[in-house]
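*Asks:* Build me a model from this:
(one chain, ligands or ions: 1)
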Amino acid sequence: MSTLTRVFGICIFALGGINLAAQESQQTMLIHAGTLLAIPGEAPQSRKSIIIRGDRIASIVDGYVDPASLDGEVQLVDLSDKFVLPGLIDMHVHLLSEITPTSRNDALYVTTSMQAMRGFHFADITLRAGFTTVRDLGGEPEAIYALRDAINQGIVSGPTIIAAGSSLAATGGHGDVDGYKPELLKLWTPETICDGPYECRKATREAVKFGADWIKITATGGVLSDTATGLGQQLTDDELREIITTAHSLGIKVAAHAHGADGVNAALRAGIDSIEHGTFLDQESITLFKQTGAYLVPTLLPGIRLPESMEGNPFFTDAIKAKGYAAGAAASRNIAAAYRAGVNIAFGTDSAVTPHGLNGEEFALMVRIGFSEMDAIYAATISAAALLSYSDQIGSIELGKLADIIATDGSPLSDITELEHVSTVIKHGRLIK
Ligand SMILES: [Zn+2]
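*Replies:* Numbers count the residues shown, from 1 in each chain. Just a heads-up that it's a prediction; the model follows:
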């Protein structure tokens, strides 16, 4: 099955599943947009009307249409004093959890069902912050798939979730369980831990079998594993190739958590679709990104905010702090170099490491290291939709696409922090906020 077929499949499922929501929103919504950035990358326009029927954008016209001129019941959403743009897409979240000083105890006390409940809470916060679609890159599979499906079926409110379940990782690597006594480590080892190409091929197929929309792998060490094993390559070249080839043969894309340049470059050579973090990427990485067209998802929020908040918090052990400071010092410089070189960049925050709902703070960090405001918005709309193979559905406000629309009081093109307090959220033609 091709990637497109797969995404189309997801789409059909989503459409079939949201009957609850769709029936009550079959009426027409009319938006008066003071300023409309319909297609990020192109110039915004003033005084436009957007007409939505059901969950789709039916037309966009000049001036403010009189609601009485439209057939049937019409819900007027007056955004004539607002800046209107497409719903935002965060390509890297973990909706089921959030780091607190005591989160290491969660493994002892928090059930899978409770994780789903927490996920519902964080999903709602994320949607209200203006993020109408997220890619969840790592969490208890049963809980995140249930949350994804409940949102698609209109049972609960939240962003559309593209879910990866738990990460494929090497034994003892980032993504495996660490820090507990051996009896507990044995009990809690995720089923997606794999060593050698054959185990990794099977783990990939099983992840897809149980519901993964994407495969997430941890190609290198990670800051938050409580192990002093560095941030270099952990999955070997043959394991990376096997996972990516197998996933692609099933029409599924692969995202690699990768800090060290050795792991970034090995994953790019193996055909990865997105590199998450990319902290120590080098000149060779930039060449490989440009050759392959792979995307970089920078996640500056944890890179910059984590080192500021680690002292005095018992979650951050000495092993974690050492890696956190090293990564924080390198991230801004290397991500900026990739941006300047024209690497494809999609927006991501790693929310859970930093609090959910503050996803919009990533934009200001991008601008601080050199992104133009428009390019930061482009990364969270057009680019992210393209990486998801979802460009025909989301990422811009155009005829026939899903009506995922947000608004801010002022223009984020002149002050990017406007995206930290979004005033209006519409998802699939329903007014959420
Ligand atoms: Zn992450």
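*Asks:* how about Ala203, phi and psi?
*Replies:* Reported as degrees, to the nearest 10, the phi and psi values for Ala203 are phi -60, psi -40.
*Asks:* Quick one: residues contacting the residue lying closest to it once chain neighbours are set aside.
*Replies:* Nearest non-adjacent residue to Ala203, counting by Cβ to Cβ, 6 or more residues apart in numbering: Cys194, 4.0 Å away. In this view, the C-beta of every residue, glycine as well, is placed from N, C-alpha and C. For Cys194, the contacting residues are Leu168, Ala169, Ala170, Cys200, Lys202, Ala203, Glu239, by Cβ atoms under 8 Å, 6 or more residues apart in numbering.
*Asks:* how does it look with 6 Å?
*Replies:* With contacts defined as Cβ atoms under 6 Å, 6 or more residues apart in numbering, Cys194 is in contact with Leu168, Cys200, Ala203.
*Asks:* tally of neighbours for the first one?
*Replies:* Translated: Leu168. 32 (other Cβ atoms under 10 Å).
*Asks:* That one pairs with what?
*Replies:* Ile217 (DSSP bridges).
*Asks:* related to what we said a few turns ago, roughly how far does the residue nearest to Ala203 sit from Ser411?
*Replies:* Separation of Cys194 from Ser411 (Cβ to Cβ, to the nearest Å): 48 Å.
*Asks:* so where's the chain uncertain?
*Replies:* Counting by pLDDT under 70, the chain shows low-confidence ranges at 1-25.
*Asks:* same thing but 50
*Replies:* 1-23, 25 (pLDDT under 50).
*Asks:* Quick one: distance of the longest strand belonging to it to the chain centre.
*Replies:* Determined from DSSP state E, the single longest strand within the chain is strand 74-86. In this view, strand 74-86 has its centroid 25 Å away from the chain centroid, taken as Cα atoms, centre = their mean, to the nearest Å.
*Asks:* list the buried ones in it?
*Replies:* By neighbour count on 16 or more other Cβ atoms under 10 Å, the buried set for strand 74-86 is Val74, Leu76, Val77, Leu79, Ser80, Lys82, Phe83, Val84, Leu85, Pro86.
*Asks:* Out of these, which comes closest to Leu365?
*Replies:* Set against Leu365, the nearest of the buried residues of strand 74-86 by Cβ to Cβ is Leu85 (19.1 Å).
*Asks:* residues touching the closest one, list them.
*Replies:* Contacts of Leu85 by Cβ under 6 Å, 6+ apart are Leu37.
*Asks:* Show me the domain layout of this protein.
*Replies:* 3-87+395-431, 88-387 (automatic domain parsing).
*Asks:* Name the stretch among those domains that sits most buried.
*Replies:* domain 88-387 (a mean of 21; mean count of other Cβ atoms under 10 Å).
*Asks:* What's the end-to-end length of that domain?
*Replies:* 14 Å (Cα to Cα, to the nearest Å).
*Asks:* distance between it and the chain's centre?
*Replies:* Worked out by Cα atoms, centre = their mean, domain 88-387 lies 9 Å from the chain centre.
*Asks:* what's the closest non-adjacent residue to the spatially most central residue of the chain?
*Replies:* Centroid check for the chain by Cα atoms, centre = their mean gives Met91 as the closest residue, at 1.9 Å. Distances taken as Cβ to Cβ, 6+ apart put Gly348 closest to Met91, at 4.1 Å, once the chain neighbours are dropped.
*Asks:* Could you measure from that neighbour over to Thr408?
*Replies:* Counting by Cβ to Cβ, the gap from Gly348 to Thr408 is 20 Å.
*Asks:* swap in Gly196?
*Replies:* 50 Å.
*Asks:* mind listing the helices for the stretch 101-250 of the chain?
*Replies:* 106-109, 112-128, 141-152, 182-188, 197-209, 237-249 (DSSP state H, counting those that start in this stretch).
*Asks:* List just the one of the ones you listed that sits closest to Pro298.
*Replies:* helix 112-128 (18.6 Å).
*Asks:* now what about the closest one, what contacts it?
*Replies:* Under Cβ under 6 Å, 6+ apart, the answer for helix 112-128 is 95-96, 140, 142-143, 146-147, 156-159, 356-357, 432-433.
*Asks:* Then stretch 55-63?
*Replies:* Ala22, Arg47, Ser49, Ile50, Ile51, Leu399, Lys401, Leu402, Ala403, His428, Gly429.
*Asks:* Three-state assignment for the second one, please.
*Replies:* For Arg47, the secondary-structure state derived from DSSP: H, G, I helix; E, B strand; the rest coil is strand.
*Asks:* Would you mind measuring from it to Pro302?
*Replies:* Taking Cβ to Cβ, one finds Arg47 at 40 Å from Pro302.
*Asks:* mind listing what Ala385 touches?
*Replies:* Per Cβ under 6 Å, 6+ apart, neighbours of Ala385: Ser391, Ile394, Gly395.
*Asks:* sec struct for the nearest residue to the first one once chain neighbours are set aside, please.
*Replies:* I take that to be Ser391. Using Cβ to Cβ, 6+ apart and skipping residues adjacent in sequence, the residue nearest Ser391 is Ala385, 4.8 Å away. The three-state assignment at Ala385 reads helix, by three-state DSSP.
*Asks:* Repeat that for Asn334.
*Replies:* helix.
*Asks:* surely it meets Leu281?
*Replies:* Yes: contact criterion Cβ atoms under 6 Å: Asn334 and Leu281 qualify, at 5.0 Å.
*Asks:* What segments of the stretch 151-300 of the chain are strands?
*Replies:* Counting by DSSP state E, counting those that start in this stretch, the stretch 151-300 of the chain has these strands, from start to end: 160-163, 215-218, 254-258, 274-277, 295-297.
*Asks:* Could you dump these into CSV with distance to Met310 added?
*Replies:* Listed next are the strands of the stretch 151-300 of the chain as CSV, based on distance: least, Cβ to Cβ, whole Å:
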stretch, distance to Met310
strand 160-163, 29
strand 215-218, 21
strand 254-258, 19
strand 274-277, 17
strand 295-297, 22
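*Asks:* separation between the residue nearest to Leu388 when sequence neighbours are not counted and Arg148?
*Replies:* For Leu388, ignoring the flanking residues on the chain, the nearest one in space by Cβ to Cβ, 6+ apart is Ile162 at 6.1 Å. Ile162 is 8 Å from Arg148, where distance means Cβ to Cβ.
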